[in-house]
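Peer 1: below are the sequence and a predicted model for it; my questions follow.
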Amino acid sequence: MIDPNEYYAGGLAVRTYDLFAGGGPLTGDIDFYRACARRFGTNVLELGVGTARIAIPLAQNGCSVTGVDLAQAMLDLAARKIASLPPATAARIDLVRGNMGDFDLGKQFDWIVIAARAFQHLIEPATQRSALRAMHRHLRPGGHLVIDLFDPRLEFCLPEAPLPEQAREVWDPVTGCRIRRTIIARNNDPFRQLVSERLRLEAIDGAGAVLAAEETSWALRWTLRQEMEYLLELCGFRAVEQLSDFAASQPTYGKEQIWIARAV
Ligand SMILES: C[S@@+](CC[C@H](N)C(=O)[O-])C[C@H]1O[C@@H](n2cnc3c(N)ncnc32)[C@H](O)[C@@H]1O
């Protein structure tokens with residue numbers, strides 16, 4: 001049984017989440033979502049809110065944000081960050097523990113955002129559909145849905161696809177340690193469209209000593225572009241824009257799939 005979300009359960013992975021988030025193919029995502037707020041409205045629901053990496057800048061720009069997440073450890077970290085904001089900004093963020101696969105918040109929003117591929121942690125097609133239907137119920141008529149997925153490169157989906165050659169390293173300004181993240185195993189399942197990765201995280205001090213280490217995992221379901229368009233249609237949305245990065249480039253194979261869809 002695959003747990004797609006072990007990574008977010010706590011420990012070093014959660015403590016260092018923000019150090020690894022953003023950048024690479026997600027470069028510019030925060031500014032992009034700020035621009036979405038100017039276009040679609042200030043009453044926002046973020047699903048898979050995580051550490052509030054996106055929710056906080058939206059609230060700083062005047063949005064009211066409800067953030068839903070499955071992982072208590074991510075919500076706890078988000079809550080600590082929010083507690084250090086000016087009270088008027090903090091008051092605009094409401095965190096809710098819940099499952100985007102099916103939820104009922106009893107209210108509607110101008111738009112919904114699912115950033116950083118969080119939707120892909122829904123690894124069953126039936127759950128993707130129930131999630132999108134729940135989103136539809138939570139949008140005001142004509143409201144918008146903004147979702148970021150990766151666009152799968154076909155060689156990356158093969159069972160024998162190679163592991164990335166390099167670990168990623170970031171510097172943790174709080175502890176002064178380097179944090180190294182290495183993918184130590186990957187299993188691609190083309191039948192279920194699943195990539196499952198086992199990762200090792202290490203905190204390394206200035207002398208090169210490993211002070212802490214842990215292993216964890218995550219899994220994501222890849223979705224082809226046309227499949228996503230049909231899925232949106234099936235659940236009451238019409239895709240109005242597709243982009244391949246946060247600089248608004250046209251759809252391109254193997255980059256991001258950024259969808260803007262309208263509830264119809
Ligand atoms: C890659 S992180 C994205 C966090 C944040 N949106 C960002 O952009 O940094 C994915 C988040 O989705 C959450 N998540 C995964 N499956 C979920 C589900 N079924 N319902 C709600 N949250 C979920 C995880 O707990 C995690 O916090």
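Peer 2: Sure, I can see it.
Peer 1: for burial, what's the neighbour tally of Val44?
Peer 2: Using other C-beta atoms under 10 Å, Val44 has 26 neighbouring residues. Using the backbone N, CA and C atoms, a C-beta is placed for each residue, glycine as well.
Peer 1: and what of Pro173?
Peer 2: Pro173 has 8 nearby residues by other C-beta under 10 Å.
Peer 1: check what pLDDT it gets.
Peer 2: At Pro173, the model reports a pLDDT of 95.
Peer 1: next one: Ile258
Peer 2: 98.
Peer 1: report the contact partners of the residue nearest to Asn99 when sequence neighbours are not counted.
Peer 2: In space, and not counting its chain neighbours, Asn99 is closest to Leu70: 5.4 Å by C-beta to C-beta, 6 or more residues apart in numbering. Neighbouring residues of Leu70 by C-beta atoms under 8 Å, 6 or more residues apart in numbering: Asn5, Tyr8, Gly48, Arg97, Gly98, Asn99, Met100.
Peer 1: how close does the fourth one sit to the ligand?
Peer 2: This means Arg97. The spacing between Arg97 and the ligand, counted by C-beta to the nearest ligand atom, to the nearest Å, is 9 Å.
Peer 1: interface residues of the stretch 1-150 of the chain facing the ligand?
Peer 2: Within the stretch 1-150 of the chain, the positions near the ligand by C-beta under 6 Å from any ligand atom are 5, 8, 21, 47-50, 53-54, 68-71, 74, 99-101, 115-118, 121-122.
Peer 1: try it again at 8 Å.
Peer 2: 4-5, 7-8, 17-18, 21-22, 26, 29, 46-55, 68-71, 74, 98-101, 103, 113-118, 121-122, 127, 131 (C-beta under 8 Å from any ligand atom).
Peer 1: which of those residues are buried, as a PyMOL select command?
Peer 2: Buried members of those, defined by 16 or more other C-beta atoms under 10 Å, are picked up in PyMOL with:
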select buried, resi 4+5+7+8+17+21+22+26+29+46+47+48+49+50+51+52+53+54+55+68+69+70+71+74+98+100+101+103+113+114+115+116+117+118+121+122+127+131
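Peer 1: the residues of the stretch 1-150 of the chain next to the ligand in strands, which ones?
Peer 2: For those, the ones inside strands are Glu46, Leu47, Val68, Asp69, Val113, Ile114, with DSSP state E as the criterion.
Peer 1: surely the third one is in contact with Glu46?
Peer 2: This points to Val68. Yes. Between Val68 and Glu46 there is a contact at 7.2 Å, judged by C-beta atoms under 8 Å.
Peer 1: so where do the strands sit in the stretch 51-200 of the chain?
Peer 2: 64-69, 93-97, 109-114, 139-150, 168-171, 178-189, 194-204 (DSSP state E, counting those that start in this stretch).
Peer 1: so for Leu243, which of those strands sits nearest?
Peer 2: Closest approach to Leu243 among the strands of the stretch 51-200 of the chain (C-beta to C-beta): strand 139-150, 9.2 Å.
Peer 1: which positions in that closest one come out as buried?
Peer 2: Using 16+ other C-beta under 10 Å as the burial criterion, the residues of strand 139-150 that qualify are Leu139, Gly143, His144, Leu145, Val146, Ile147, Asp148, Leu149, Phe150.
Peer 1: and for stretch 231-242?
Peer 2: By 16+ other C-beta under 10 Å, the buried positions in stretch 231-242 come out as Leu231, Leu232, Cys235, Gly236, Phe237, Ala239, Gln242.
Peer 1: OK, contacts around His138?
Peer 2: Leu45, Phe103, Leu105, Lys107, Gln108, Phe109, Ile112.
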